[in-house]
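**Q** sequence? don't have it. structure:
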């Protein structure tokens, strides 16, 4: 099968391009699996991923990419590019771990698969008129590195963005919950808990009132809205009326619009704690809000076909919502996909030590290679399909406020 070259000067053998992509990813197997294992062995939490970013940058430089480290002023972010074509396809690499339980969300697999996809597609970048862009996105588990990179303009020239996420199974099409987080502090007044408790203002009581109010509110929250939090400081000594307490809370909702409505109701619960006790409330946003995920249908179809060629079948989860991801913010502006790539985890789900234990298994290693290959093959479809290429380039122009190409 052949298609016109991007400049219309001839034809390109798409089957040959697909073989080149697949063979390239397989030829980098040792390095890609080694990257996944290295990330797994040395887990680093949000904005501390210095070794991870260095590993990825060094590997991409060895593959011929131009690497910019510290992108958008984030020390552990990076951007790597290869090719000079007008169609820019980006792969998002995640590599932060969770506190205490390492890569329990499989970001070692996510990151290595994205790197492999970039290397595979770069092998045909000149032939297909592409620029391949690997964007290293830190702090997905915390403040949302993709949002900061998006706002800094790192995605401005990107026509399509892709990544895969580790999971117990292969799936496509799911949405995600919009989410926002708060750091909450109550400040009261200390006093001796036995001699003169009436002289104090109990900040822990304020937190208790708020926690109770949130618990009662849950019955009236719409389906899909969730509120959860932890107390990070409940006082200093049992015989002192707590003068300070702190906590972190998250609110999730199916859409960013519903998130805003839920925010107002949950905030009132924390204000109630202050009103009831006389403590002062400090409520500060923690990181960036994550938007709900929108997966591009045409890109999803191309990915499913590529995955089938590797002997894998993806379950469609259209209409279902995963947890939350800052890839949602990217998908609201740029055609994107965020499928899951599965492997055996003994029944363990993400964010548990059991899931971490399978991160270097043969199944996880296969997921790295198959995820990389399927993403890169999806890129070849986008580049060689004239309607898809035109659609994606038109989207870039529209976001930039530029006129379309002249006709006739």
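**A** Right, received. Where do you want to start? If you're wondering where the values come from, they're calculated on a predicted model, not measured in any experiment.
**Q** what helix or strand does the closest residue to residue 226 other than its chain neighbours sit in?
**A** Spatially, and ignoring its direct neighbours in sequence, residue 226 is nearest to residue 252 (4.5 Å; CB to CB, 6 or more residues apart in numbering). To be clear about C-beta, it is placed using only N, CA and C from the backbone, and glycine gets the same treatment. According to DSSP states H and E, residue 252 maps onto strand 244-253.
**Q** Name the residues that touch that strand?
**A** Outside strand 244-253, the residues within contact range by CB atoms under 8 Å, 6 or more residues apart in numbering are 177-188, 203-204, 206-207, 214, 222, 224-235, 259, 261-263, 266, 286, 323-324.
**Q** And those residues, which of them are buried?
**A** 177-182, 184-188, 203-204, 206-207, 214, 224-225, 227, 229, 231, 235, 259, 262, 266, 324 (16 or more other CB atoms under 10 Å).
**Q** Tell me the confidence at residue 8?
**A** At residue 8, the model reports a pLDDT of 52.
**Q** Sort out for me which of the buried ones among the contacts of strand 244-253 are in helices.
**A** 203-204, 206-207, 214, 259, 262, 266 (DSSP state H).
**Q** residue ranges with poor pLDDT in the stretch 301-408 of the chain?
**A** 404-408 (pLDDT under 70).
**Q** Who are the contact partners of residue 157?
**A** 88, 131, 133, 396.
**Q** Tell me the one among those nearest to residue 338.
**A** residue 133 (16.7 Å; CB to CB).
**Q** was I right about the closest one contacting residue 80?
**A** Yes - counting by CB atoms under 8 Å, residue 133 touches residue 80, with 7.3 Å between them.
**Q** So which of the two has more stuff around it?
**A** Taking other CB atoms under 10 Å, residue 133 and residue 80 do not tie; residue 80 has more neighbours (28 against 24).
**Q** next structured bit after the helix or strand hosting the more buried one?
**A** Taking DSSP H and E as the criterion, residue 80 maps to strand 78-82. Next helix or strand after strand 78-82 toward the C-terminus (DSSP H and E): strand 87-93.
**Q** what's the domain layout of this protein?
**A** As assigned by automatic domain parsing, the chain contains the domains 2-175+293-400, 178-285.
**Q** highest average neighbour count across those domains?
**A** Among those, domain 2-175+293-400 has the highest mean neighbour count (mean count of other CB atoms under 10 Å), at a mean of 21.
**Q** if I look at residue 217, how far off is residue 262?
**A** In this view, residue 217 and residue 262 are 9 Å apart by CB to CB, to the nearest Å.
**Q** what residues do those two have in common as contacts?
**A** When CB under 8 Å, 6+ apart defines a contact, the residues bordering residue 217 and residue 262 alike are residue 227.
**Q** Sort out which one of the ones in helices among the buried ones among the contacts of strand 244-253 lies nearest residue 369 for me.
**A** residue 259 (36.6 Å).
**Q** Give me the common contacts of residue 133 and residue 80.
**A** In contact with both residue 133 and residue 80: residue 118, using CB under 8 Å, 6+ apart.
**Q** how far out from the middle of the chain is the helix or strand where residue 331 lies?
**A** Under the criterion of DSSP H and E, residue 331 resides in helix 327-333. The chain centroid and the centroid of helix 327-333 are separated by 10 Å, computed with CA atoms, centre = their mean, to the nearest Å.
**Q** which strands and helices sit next to whichever helix or strand comes after that helix?
**A** Note on helix 327-333: by DSSP H and E, the next helix or strand toward the C-terminus is strand 336-337. When contacts are defined as 3 or more CB pairs under 8 Å, 6 or more residues apart in numbering; DSSP states H and E, strand 336-337 sits against strand 160-162, helix 297-309.
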